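**Student:** Need the 3D shape of this:
(chains A and B)
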Amino acid sequence: MRSWTSPAKLRAKGIIGMNRRNIRYIGRYNDRHLYPLVDDKLKTKLLAHEYGITTPALIGTVTTQFGVKHITQMVTGLPGFVIKPAKGSGGKGILVIERVEEDVFIKPSGAHLDREDLERHVSNILSGLYSLGGTPDVAVVEALINFDETFAEYTYEGVPDIRVIVFKGYPVMAMMRLSTAASDGKANLHQGAVGVGVDIASGTALRGVQFDRSRNDHPDTGHELASLRIPGWEMLLTLAASCYEMTGLGYLGTDMVLDREHGPMLLELNARPGLAIQMANGEGLRPRLDLIERQADGADVAARVAFSQRHFARSGELQPVPVPVAEPCPA
Amino acid sequence: MSRLPFYLLTGFLLVAGIALSIHRHVQFEVPWVPGEQRQVWEIESQVTFSAQGGPVIVDMALPTHQQGFRILTENTASSGYGLSFLEDQRGRRAQWSIRQAVGAQQLYYSAQLLVTPDGRVPETPIPPLPRDIVWERPFDTAASQVIERAHQRSADSITFARELVRDFTGDRQGENARLLLTQFERTPLLVRLLNEAGVHAREVSGLLLEDGRRRQSLTSWLQVFDEDGGWVLFNPNTGEQGQPDNLLLWEDRGQAVLEVQGGNNSNVSFSMIQHNQPAAAAVRNQLADDTLLNFSIHSLPLEEQALFQTILLIPIGALVVVFLRVLVGIKTSGTFMPVLIALAFIQTSLITGLIGFLLVVSVGLVIRSYLSHLNLLLVARVSAVIITVIAIISIFSVLSYRFGLNAGLTITFFPMIILAWTIERMSILWEEEGPKEVLIQGGGSLLTAVLAYLAMNNPWVRHITFNFLGVQMILMALILLLGNYTGYRLLELRRFKPVTED
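**Tutor:** Down below sits the predicted model:
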């Protein structure tokens, strides 16, 4: 089997490549001076708080090498926590501690870390090891998310998160990222997490991919993906869409989680969202982005979400449903 | 947002770059290909004379740029003599002078001449016709008869000169001619006769170039002025018209070749050797005419030139990186790290460089994995890696020297700080994403480095970038255009293949 395709076929599918994303969308719609808002997770968190968008609870920050020693003090008594570099990218440097037993910190994979490991990790974060451009950084300690039980069968060790691409305030495409054994509990597709395309209209699964190849079930739990349905979908879309007003970034990747108690929460924002979402949806972004570009500015969040739900509705390939595929109709 | 200024800029860069390159090619005869050989003559003239113990002035004619030849370099050797080059109505001349000299003296002048298909014909003034040429009896009748005979069988100055010379050569040599030749030297005689008939003519001295000849002397030639075509050269012995390809006109103003005051038995002899040298070298030797358009690296001292030869290659490496990242989509560790590695490969040669790079990086990774246990601050850790890299490089150098592998010594050309950062990044990548990603990025970097090396080490590319500064503008335009490319990358055709399957 040939493993290459032709540019014409990709164009017919509306697939966007890296170069086009960089020049045509990121370069045009994302102002450089707005980047710090999303590149610094601490800033995003504070900004989200201002706009009334829920984020995981902040336990504390470590800003100096001197403060590294206090990290164990800071997390005493917590059942679990997450340490993140404020300026990290691509999930780098995120340490998830699921349980604490006496002096041993246990990762979701079951790996044991001691106090020194923890301190070294924080120290590395401060030195800028994971930050963009290697600049000195701040370590952010957050509460562990109690993810919604409905997803327990769809994930292995990690928290499944939902990525929605928001273009000029319109949610254009969504996927859920399920961590696997291969991805070490992380929800990054290039590390082996499963991506599940999610219908913008209904929040149901469309199709699944792992390592860029399609899948119908979770590789570790074996649970089929077809029945995946995200509760409170419209609220989640509204949350995602309102990040446009919050940041001013035109082409934005919003990462959200569903917390058992707090509902949809904003985990982080990305000014350079990846293209794998097209693989998970089996569809290119281009027709949708073109459609949004033709819309007038100034619609409010609810109108934008409604527009997207009306125009980007699709039925999943995973479900044996006899309904014909609804194509997005022109504006 | 209008893209017009962008296209204007790239268009301007392209046009200016190409125009500058063509200008250099045409005006300075810099060839497009480095392998092109140019014929170069090396000519040495030796002036000998006996000095009489007083002040001495030696005045010698020198060749100039002329049809078929271009002077590249000139040197003189004359111990104790003052030397100056003069250029006046007598042509270009060298003048040696000394207050006191006794006995046999030797002065040297050598020149390198590039053989070129064309070349400027020097404009020389037309000497006035000498008045009142007086002939003694019985030569006056002989002369007027010879002139009369040639005049009748000719139409203009050139045909007249041809007929006249023929009358003095071979079978056609008549009684009158033989008579005149008993009294006069052949060439001055011909000049005299031509002048008498009202034709501008002069005697010039030329050197017939033959490879490996020594102790040659100048031969005398006849130049006749034609109102339409300038000076025309005749061989006074055969009457052949035109300048032979291997004739270098040493003195072309009708003056004496050598004048010595304060000495006698003066003589000048020539030795010559011909060799082919790459055109690039021939270009380098050209005397720089320092005009604005001849803005070239070659006017710098040799050492800086060598430095620039490398610097001017970096844009080529950058172009390769941009091409591989934008059009192909190869991942590298550090954007321009591969270019620096490629520069090191140029010094070390490819195989040695690859082996050295892999050795240093893999040993570095092992040591770095130990350093990560020490829980150090980032800057301190990278510094420790730098020292480790230096240690590894020193050990490899010493070991390879001991085993008689001199190639191993070139490992010191690697940029150590870049290597240290590469090791650091690879190590982090290993911890975060696993060895597979290290292989992908490390392999991508090495592949990019090797391709950049092949491009930068290509003799033609080296020649072009070094000799044509306009190429830098073309490279700039290409990179700007690539930076504007919104199409798919080659590897994306593979990545997105599954989407197109259903």
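
**Student:** only C-alpha atoms for contact and neighbour calcs from this point on.
**Tutor:** OK.

**Student:** any chance you could map the helices in chain A?
**Tutor:** A:7-13, A:18-20, A:27-29, A:35-39, A:41-50, A:71-75, A:115-127, A:233-247, A:276-281, A:286-293, A:301-311 (DSSP state H).

**Student:** and the residue in the stretch 151-300 of chain A that chain B sits nearest to, how many residues sit next to it?
**Tutor:** Using C-alpha to the nearest C-alpha, the single residue of the stretch 151-300 of chain A nearest to chain B is residue A:282, 5.1 Å away. For residue A:282, the neighbour count with other C-alpha atoms under 10 Å in any protein chain shown is 25.

**Student:** Share the number of residues neighbouring residue A:285, please.
**Tutor:** As a burial measure, residue A:285 scores 21 neighbours (other C-alpha under 10 Å).

**Student:** Let me know the pLDDT of the residue lying closest to the residue of the stretch 151-300 of chain A closest to chain B once chain neighbours are set aside.
**Tutor:** Closest residue to residue A:282 apart from its sequence neighbours, by C-alpha to C-alpha, 6 or more residues apart in numbering or on different chains: residue B:499 at 5.1 Å. Listed pLDDT for residue B:499 reads 81.

**Student:** Doesn't residue B:499 lie inside a strand?
**Tutor:** No. Residue B:499 is assigned helix when assessed by DSSP: H, G, I helix; E, B strand; the rest coil, not a strand.

**Student:** so what's it up against?
**Tutor:** Residue B:499 makes contacts with A:13, A:278, A:279, A:282, A:283, as judged by C-alpha atoms under 8 Å, 6 or more residues apart in numbering or on different chains.

**Student:** How many residues are close by the residue nearest to the first one when sequence neighbours are not counted?
**Tutor:** Once its chain neighbours are removed from consideration, residue A:13 has its nearest residue in residue A:284; the separation is 5.6 Å (C-alpha to C-alpha, 6+ apart). Other residues lying near residue A:284 total 24 when counted by other C-alpha under 10 Å.

**Student:** I'd guess residue B:494 is in a helix, am I close?
**Tutor:** Yes. According to three-state DSSP, residue B:494 belongs to a helix.

**Student:** Residue B:103 in helix, strand or coil?
**Tutor:** For residue B:103, the assignment made with three-state DSSP gives strand.

**Student:** picking up where we left off before, now the residue nearest to residue A:13: how far from residue A:10?
**Tutor:** Using C-alpha to C-alpha, to the nearest Å, residue A:284 is found at 8 Å from residue A:10.

**Student:** pLDDT weak spots in the chain?
**Tutor:** Just going to use chain A. Low-confidence segments of chain A (pLDDT under 70): A:1-2, A:90, A:132-134, A:184-186, A:315-331.

**Student:** other chain: chain B
**Tutor:** In chain B (pLDDT under 70), the answer is B:1-2, B:35-37, B:118-125, B:131, B:276-305, B:406-409, B:502.

**Student:** Going along the chain, name the strands of it.
**Tutor:** B:37-52, B:56-61, B:69-77, B:82-88, B:91-98, B:102-115, B:201-208, B:219-226, B:230-234, B:247-251, B:258-261, B:263-278 (DSSP state E).

**Student:** could these be laid out in a markdown table, adding mean neighbour count and distance to residue A:172?
**Tutor:** Below are the strands of chain B laid out as a markdown table (neighbours: other C-alpha atoms under 10 Å in any protein chain shown; distance: least, C-alpha to C-alpha, whole Å):
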| stretch | mean neighbour count | distance to residue A:172 |
| --- | --- | --- |
| strand B:37-52 | 19 | 64 |
| strand B:56-61 | 21 | 86 |
| strand B:69-77 | 17 | 70 |
| strand B:82-88 | 13 | 82 |
| strand B:91-98 | 18 | 82 |
| strand B:102-115 | 18 | 70 |
| strand B:201-208 | 23 | 85 |
| strand B:219-226 | 21 | 87 |
| strand B:230-234 | 19 | 82 |
| strand B:247-251 | 22 | 81 |
| strand B:258-261 | 18 | 93 |
| strand B:263-278 | 17 | 63 |
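
**Student:** hang on, the earlier thing: from the helices of chain A, which stretch is densest packed?
**Tutor:** Among the helices of chain A, helix A:276-281 has the highest mean neighbour count (mean count of other C-alpha atoms under 10 Å in any protein chain shown), at a mean of 26.

**Student:** Apart from its chain neighbours, what residue comes closest to residue 160?
**Tutor:** In the absence of a named chain, this looks at chain A. Leaving aside its sequence neighbours, residue A:160 sits nearest to residue A:178 (C-alpha to C-alpha, 6+ apart; 4.7 Å).

**Student:** oops, chain B please
**Tutor:** Counting by C-alpha to C-alpha, 6+ apart, the residue nearest residue B:160 is residue B:154, at 4.9 Å.

**Student:** What is the burial count for the one you found?
**Tutor:** Around residue B:154 there are 15 residues (other C-alpha under 10 Å).

**Student:** got the phi/psi numbers for it?
**Tutor:** Main-chain torsions, residue B:154, degrees, to the nearest 10: phi -130, psi 170.

**Student:** which bits of chain B sit near chain A?
**Tutor:** B:326, B:375-379, B:432-433, B:484-489, B:492-500 (C-alpha under 8 Å from any C-alpha of the partner chain).

**Student:** are any of the residues you listed buried, and which?
**Tutor:** Buried subset of those (neighbour count, 16 or more other C-alpha atoms under 10 Å in any protein chain shown): B:326, B:375-378, B:433, B:484-489, B:492-493, B:495-500.

**Student:** just the strands in chain A please.
**Tutor:** Under DSSP E, chain A gives strands at A:58-62, A:81-85, A:95-97, A:99-101, A:104-106, A:112-113, A:139-143, A:161-167, A:170-178, A:194-198, A:205-210, A:213-215, A:251-259, A:263-270.

**Student:** Sheet partners, orientation included, of the third one?
**Tutor:** I take that to be strand A:95-97. Here strand A:95-97 is paired, per DSSP bridges, with strand A:81-85 (antiparallel).

**Student:** Show residues contacting the partner strand.
**Tutor:** Against strand A:81-85 from outside (C-alpha under 8 Å, 6+ apart): A:41, A:75, A:93-98, A:122, A:125-126, A:130-131, A:137-144.

**Student:** Apply 7 Å and report the result again.
**Tutor:** Strand A:81-85 has contacts (C-alpha atoms under 7 Å, 6 or more residues apart in numbering or on different chains) with A:93-98, A:125, A:130-131, A:137-144.

**Student:** likewise stretch A:150-165?
**Tutor:** So stretch A:150-165 is in contact with A:108-109, A:147, A:171-181, A:185-187, A:218, A:220-221, A:223, A:240, A:252-257, going by C-alpha under 7 Å, 6+ apart.

**Student:** Equivalent analysis for stretch B:379-387, please.
**Tutor:** Contacts with stretch B:379-387, where a contact means C-alpha under 7 Å, 6+ apart, come from B:368, B:416, B:417, B:420, B:421, B:424.

**Student:** Name the nearest of the residues you listed relative to residue B:438.
**Tutor:** The nearest member of these to residue B:438, counting by C-alpha to C-alpha, is residue B:424 at 11.5 Å.

**Student:** what sits against the closest one?
**Tutor:** By C-alpha under 7 Å, 6+ apart, the neighbours of residue B:424 are residue B:382.

**Student:** Repeat that for residue B:207.
**Tutor:** The contact partners of residue B:207, by C-alpha under 7 Å, 6+ apart, come to B:218, B:219, B:247, B:248, B:249, B:250.

**Student:** Any idea what it is bridged to?
**Tutor:** residue B:248.

**Student:** Please identify the residues of the stretch 51-200 of chain A in proximity to chain B?
**Tutor:** Counting by C-alpha under 7 Å from any C-alpha of the partner chain, the stretch 51-200 of chain A comes close to chain B at A:120, A:123, A:124, A:127, A:129, A:191.

**Student:** can you rerun that using 8 Å?
**Tutor:** With C-alpha under 8 Å from any C-alpha as the criterion, the stretch 51-200 of chain A meets chain B at residues A:92, A:93, A:120, A:123, A:124, A:127, A:128, A:129, A:191.
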